[in-house]
Each structure stands twice: as C-alpha cells, then as structure tokens.
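Peer 1: below are the sequence and a predicted model; questions follow.
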Amino acid sequence: ACEKADKIAAIASLAGAALRLDEQCEPSEAVSVLQIHGDRDDTILYEGSLYSPGARESVENWGTFDRCSGGLEDGGRMDIEVALQGEETLVERMRNCPSGIGVELWTIEQGSHRPSFTEGFSAQLWAWLSAHPKQ
C-alpha cells in the first residue's frame, strides 16, 4: 500500500505488523486501510513491540498518511469471532478522512492471533473493501 498506492484502493490486514519505519512509507495517494486484530494476540502483539507499532498506532499512522484528522471514533460493535459470545469486536474509525477513504480498526476483544470467523465475516469484509473503490 505504501509503494503501490496509485494501484491499490483498499487493504485489510489481519493481525499484521509494520516495521517502525513509518518515515519510509510515503504513499502517493490515499489508501483505505482496515486493521483487524485480537487484543490477546500473543504472536503479533496488539500493543506493539520494540520493532513494530501496535494495531492502534498502525491505524493512526495510516490516518496521517491519508490526511484524516480528529483521531479514532467509536463505530459500534459486531460479531465476527465464532469462539467468543456476543458482539466482541469494537469498530473504531478515523474521523474526517478524505471523501471515499476509510481507515478503521476492528479490535476483537479477547481475540487471539488466529480467529475463527463467523459465516458472515467474508461478506462484511467484502462490503468494507468494496465500499472503498479507487477514486
């Protein structure tokens, strides 16, 4: 997404991590980004490490790259993890992003590195990605 922003409309990252080299990421244009991460992930730490930013920091970095302002706001809750009861996933969205651009964090509370997704998850993911086409 950093290197091919002219070709990529949107990405989704599941328990992903970036290196702490944010100054090397200079996307040529805005890219919509969805970060999905369990807050109990013991492989790629939700809070980050010495070498990689945490899930929240990664989303905030993309908000900066995409020229969003105002920080994260509550976007409600949803159920995407089979192994956890109820609406275990907190949705947060960056405020004031350019038209058509979305930057979101879906935190699976009590979620691990390898979630077991509900049957409807792929439809929810596709709906998010397709809602952010190349402008």
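Peer 2: Thanks, I have the structure now.
Peer 1: centroid residue for the protein?
Peer 2: The residue lying closest to the centre of the chain (CA atoms, centre = their mean) is residue 35, at 1.7 Å.
Peer 1: wait, doesn't that one sit right on residue 94?
Peer 2: No - contact criterion CB atoms under 8 Å: residue 35 and residue 94 do not qualify, at 10.8 Å. Where you see a C-beta, it was placed from the backbone N, CA and C, and this is true even at glycine.
Peer 1: count of residues packed around the residue nearest to residue 42 when sequence neighbours are not counted?
Peer 2: Closest residue to residue 42 apart from its sequence neighbours, by CB to CB, 6 or more residues apart in numbering: residue 113 at 6.7 Å. The tally of other residues near residue 113 (other CB atoms under 10 Å) stands at 15.
Peer 1: ok, residue 40 next?
Peer 2: 13.
Peer 1: you'd agree it is up against residue 111?
Peer 2: Yes - the criterion here is CB under 8 Å, and residue 40 meets it with residue 111 at 6.0 Å.
Peer 1: and the helix or strand of the chain with the lowest mean pLDDT, C-alpha only, in PDB?
Peer 2: Sorting the helices and strands of the chain by mean pLDDT, DSSP states H and E puts helix 55-65 at the bottom, at a mean of 93. Taking C-alpha atoms only, helix 55-65 is exported to PDB below (Å, rounded to 0.1, in the frame of the first residue of the first chain):
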ATOM      1  CA  ALA A  55      -2.700  -2.100  16.000                       C
ATOM      2  CA  ARG A  56      -4.000   1.400  17.100                       C
ATOM      3  CA  GLU A  57      -0.700   3.100  16.200                       C
ATOM      4  CA  SER A  58      -0.700   1.500  12.800                       C
ATOM      5  CA  VAL A  59      -4.200   2.700  12.100                       C
ATOM      6  CA  GLU A  60      -3.400   6.200  13.400                       C
ATOM      7  CA  ASN A  61      -0.300   6.200  11.100                       C
ATOM      8  CA  TRP A  62      -2.500   5.400   8.100                       C
ATOM      9  CA  GLY A  63      -4.900   8.100   9.200                       C
ATOM     10  CA  THR A  64      -2.000  10.600   9.000                       C
ATOM     11  CA  PHE A  65      -0.800   9.200   5.600                       C
END
